[in-house]
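In: model this:
(2 chains)
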Amino acid sequence: MPVDISWIPGDSDLLVTIVAGLVVIGGVGAALLGRSRKAPPREAPPRRDDAAAAAATTVEEAPEEALEEAAPAVETPEAVDHRFGRLRRRVGTTFGQSLLAIFRRGSLSQDDWDELEETLLMADVGAAATDELLADLKARLKADPDGDPRALLRAALLDVVDPSLDRSLALGAPGDGELHSAVVVGVNGVGKTTTVGKLARVLVAEDRSVVLGAADTFRAAAADQLETWGARVGVPVVRAYVDGADPASVAYEAADRARTDAAEVLLVDTAGRLQNKQGLMDELGKIVRVVSKVSPPKEVLLVLDATTGQNGLTQARVFGQVAPLTGIVLTKLDGTAKGGIVLAVQRELGVPVKFVGLGEGADDLAPFDPAGFVDSLLGD
Amino acid sequence: MFANLSDRLTETFRNLRGKGRLSEADIDGTIREIRRALLDADVAVPVVRTFTSNIRERALGAEVSGALNPGQQVVKIVNEELIGILGGETRAMRFSKTGPTVIMLAGLQGAGKTTLAGKLAHHLKQQGHTPLLVAADLQRPNAVTQLKVVGERAGVPVFAPEAGVTREDERPRGNPVKVAKKGLKEAEQRQHSVVIIDTAGRLGIDQELMRQAADIRKATDPDEVLFVIDAMIGQDAVATATAFQEGVDFTGVVLTKLDGDARGGAALSVAEVTGRPIMFASTGEKLDDFEVFHPDRMASRILDMGDILTLIEQAERTFDQAEAERMAEKVSKGEDFTLADFLSQMQQLKNMGSMKKMLTMLPGMGQIRDQIENFDERELVRTEAIIQSMTPLERENPKVLNGSRRARIAKGSGMQVSDINSLIKRFEQAQQMMRAMSRSGGMPQMPGAGGGPGAFGGLPGGKKSKGKQAPQRKVKGKSGNPAKRAQQEADARNRAASAPAASQGSAFGLGQRPPQDVDRDALNADLSKYLGR
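Out: Next up, the predicted model:
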């Protein structure tokens, strides 16, 4: 701030100071920049919150007939063990083998420790979590000098991943006659819509009746994409047919439809939003509130891209403030990214990973298996 | 807890005061902090390694040990090195001399290629080009539809002879290489000056898709191949960038989702590992949220040093232009700042999002971090309620507020009379401040300008911190923040060189002919100085 404002007394003065300061920053900044840009014509940009009113009336449901003719025989998802085997093969070859190479050398020198640290860091585990893991490993080695470092590291990793956490979807038992809702959230481009589609497949395979809500009214063609997924497993998709409809309104329509249809599970897909966009986070809060009117969400799943770095933690933290997260879906684990951010998120926030996405195939969504994950990291 | 590098280094060096020179161990501590900061920003491990060893060499030199404040000197060096890598090779887009310029986009799934295609088209169209978008992503369901929508929004034609995958279970039909070729021919026929080819997103390890991208590259011989990468990407950035460099040999990088709060260390990794320049940054969901990459801002961001320019831009984006100009005019004319103005400013402020977040964007806020943490966002709502409980007359002229009016307002807003009293008192002081500002003819001659971080550091603390405030720094014209100081120094040099441009930018922007072509950087540097740096 340009002004010495130390004379302002009192406790809650931060506000006045800030407002005054921002008058200056905002005013001068806007005036200057505005001028230097010759006051660009501010034609109303397509805003999300705008078309809300129009939306309420235009929400329609996917045509029933189309669904019935498209409904194919439900395919049985691939066995879980088999899928995890694939994950193990993919992840194990990179991360695990370098660890193995280190441990084969017997006692650990300082260089080995450094290498170990880098290996963890390169997997996006994050500096803080890495420090903690290594300190833990050192303590374990001290307590048990003759122990197998590999087994000790496995134990240390397992402690962070914590296999005792419940990683099943808390959507009740099939056939309990109640409506359970789940909302899928995340930043742009992590694969939320695909995840919703795949989850719907899993649920349908468990013989549950599902309704999908396409509350991503912002991204072009997002609702079409979800509809495609829905049609494939014969699940109704509630969507809006105008761009920029109010997502909360779509979510409510979907919840309402699920209730009238006596469906067991409602899955709501939301638009990708960056966690520092306050307006969009408020919008998400509204979606969750509105769904809660019909059925409080039992699951709020954050979709994280395995390539995401340390920002994943911030994402989990901020999304969690708006809608308390119950689990994480880690997608795109079939690339070269190792998904170590999972360790950091779980360590910091205690939110467990429930599913991992392993590819573009319809059945490439596997339940997360901590022991298998750690083993795969160690190169089993 | 989330102290930024600048704060942490200052802390590291605190114990060193009085020592004549830095020992090896001191430097080690510094390097550790830098390393940690870079790792937290997702800079790739090998890049961090080479980077820190460069820093170590420079830090051992005389420029640090001789400095009055070695911590800040080190930050300055780090910042310089970062800018060096990030902006080492900035260049403008290459346009073809004959025929249409071909730009090909490549990148991971979900990096934002399709959205970016629209933005790039919009950007080029504004520059007078006639772009054509070519939908060569036949892989992702409905990608072609999305590009059509994006093209429509940008007012740019889309060439999409193949519908691509419209159903999830469909096998990809059509040949993207042929589509790209046809698109090129189409552009030649219709005399489009630029062709932007949107390709399918692919994982770095997907050989088949990578070969397809390479084939498109071969078939169309693009003038620019832009690698689109998400600013949030972590350590995988290096593997991905290398794979794409081998696969399609991109010529430039576009960083997307920079409007998020990721620190974006990937930018550094990619620039360092591939040696390709970062050309553009995508900073939002709207079509015009697209800008040329600023290495200096990115450096501050990676170091988490606060970014006053981003703050200004954010303010500019959310603040109502007309309202802001009206305010500025008012201040410059010496009219009184009223509670109504205060209210409208505060409401715009609310649109900018979390106050805490915003405050942390200001450099030098480390000193009052605790206070910011304790700041109650609802304070805004309460203050708003108080002002909204006033009549227009009272808002314009708070002097009429007598006891009974105050009691009424307190009742109306659900607050205590004492709250209203203290608001009015604080407001009057702010009003005085504004008056002083307009009297002194704008910001340059403001009292306390150049107070450095002390200006904000002088904020009243909580009860505990009262009286324990560090004495304010009184170094005139020199910021405590090395990045800003560097900027000031550069600014001073700049001004010597190009006095007219700078003075145009500095004059509060009012009552003058609008500068036609103000050098944005000079202006920014100038501006940031007035903002107390």
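In: near chain B, which residues of the stretch 151-300 of chain A?
Out: A:187-191, A:197, A:218-221, A:224-225, A:228-229, A:231-232, A:243, A:274-279 (Cβ under 8 Å from any Cβ of the partner chain). (C-beta placed from N, C-alpha, C; glycine too.)
In: Does stretch B:241-258 reach chain A?
Out: Yes - using Cβ under 8 Å from any Cβ, stretch B:241-258 reaches chain A at B:243, B:257.
In: Which positions in that stretch come out as buried?
Out: B:241, B:243-245, B:247-248, B:250-258 (16 or more other Cβ atoms under 10 Å in any protein chain shown).
In: Check the separation of the first and last residues in that stretch.
Out: Start-to-end span of stretch B:241-258 (Cα to Cα, to the nearest Å) is 18 Å.
In: Is the one residue in the stretch 101-250 of chain A that gets nearest to chain B in a helix, a strand, or coil?
Out: In the stretch 101-250 of chain A, the residue that lies nearest chain B is residue A:189 (3.0 Å; Cβ to the nearest Cβ). Here residue A:189 is recorded as coil under DSSP: H, G, I helix; E, B strand; the rest coil.
In: Quick one, grab the pLDDT at it.
Out: Note for residue A:189: predicted pLDDT of 86.
In: go on, residue B:104?
Out: Looking at residue B:104, its pLDDT is 95.
In: Dig out what it forms beta bridges with.
Out: On the basis of DSSP bridges, residue B:104 takes part in beta bridges with residue B:197, residue B:225.
In: what about it, neighbour count?
Out: Applying other Cβ atoms under 10 Å in any protein chain shown, we find 26 residues neighbouring residue B:104.
In: Isn't it up against residue B:215?
Out: No - counting by Cβ atoms under 8 Å, residue B:104 sits too far from residue B:215 to count as a contact (11.4 Å).
In: Let me see the backbone angles for the residue in chain B positioned nearest to chain A.
Out: Per Cβ to the nearest Cβ, residue B:234 is where chain B lies closest to chain A, at 2.5 Å. Dihedral pair for residue B:234: phi -100, psi -140, per degrees, to the nearest 10.
In: tell me the contacts of the closest residue to it other than its chain neighbours?
Out: Nearest residue to residue B:234, sequence neighbours excluded (Cβ to Cβ, 6 or more residues apart in numbering or on different chains): residue A:309, at 2.5 Å. Neighbouring residues of residue A:309 by Cβ atoms under 8 Å, 6 or more residues apart in numbering or on different chains: A:124, A:341, B:42, B:232-235, B:237, B:262, B:265-266.
In: On the pLDDT front, check residue A:309 for me.
Out: Per-residue confidence at residue A:309 stands at 89 (pLDDT).
In: thinking again about what came up before, surely the residue of chain B closest to chain A touches residue A:338?
Out: No - the criterion here is Cβ under 8 Å, and residue B:234 misses it with residue A:338 at 9.1 Å.
In: Give me every residue in the stretch 1-150 of chain B lying close to chain A.
Out: B:36, B:39-42, B:44-45, B:108-112, B:141-143, B:145-146, B:148-150.
In: In helices only, show me those.
Out: B:36, B:39-40, B:45, B:143, B:145-146, B:148-150 (DSSP state H).
In: which parts of stretch B:287-301 are buried?
Out: Buried-residue list, stretch B:287-301, by 16+ other Cβ under 10 Å: B:287, B:289-290, B:293-301.
In: give me every residue that touches residue B:416.
Out: The contact partners of residue B:416, by Cβ under 8 Å, 6+ apart, come to residue B:410.
In: how far away is it from residue A:166?
Out: Residue B:416 is 48 Å from residue A:166, where distance means Cβ to Cβ, to the nearest Å.
In: Equivalent analysis for residue A:359, please.
Out: From residue A:359 to residue A:166 the distance is 26 Å (Cβ to Cβ).
In: Which one of these two is surrounded by more residues?
Out: Between residue A:359 and residue A:166, counted using other Cβ under 10 Å, the more crowded position is residue A:359 (19 against 10).
In: Need the three-state assignment for that one.
Out: Three-state call for residue A:359 (three-state DSSP): coil.
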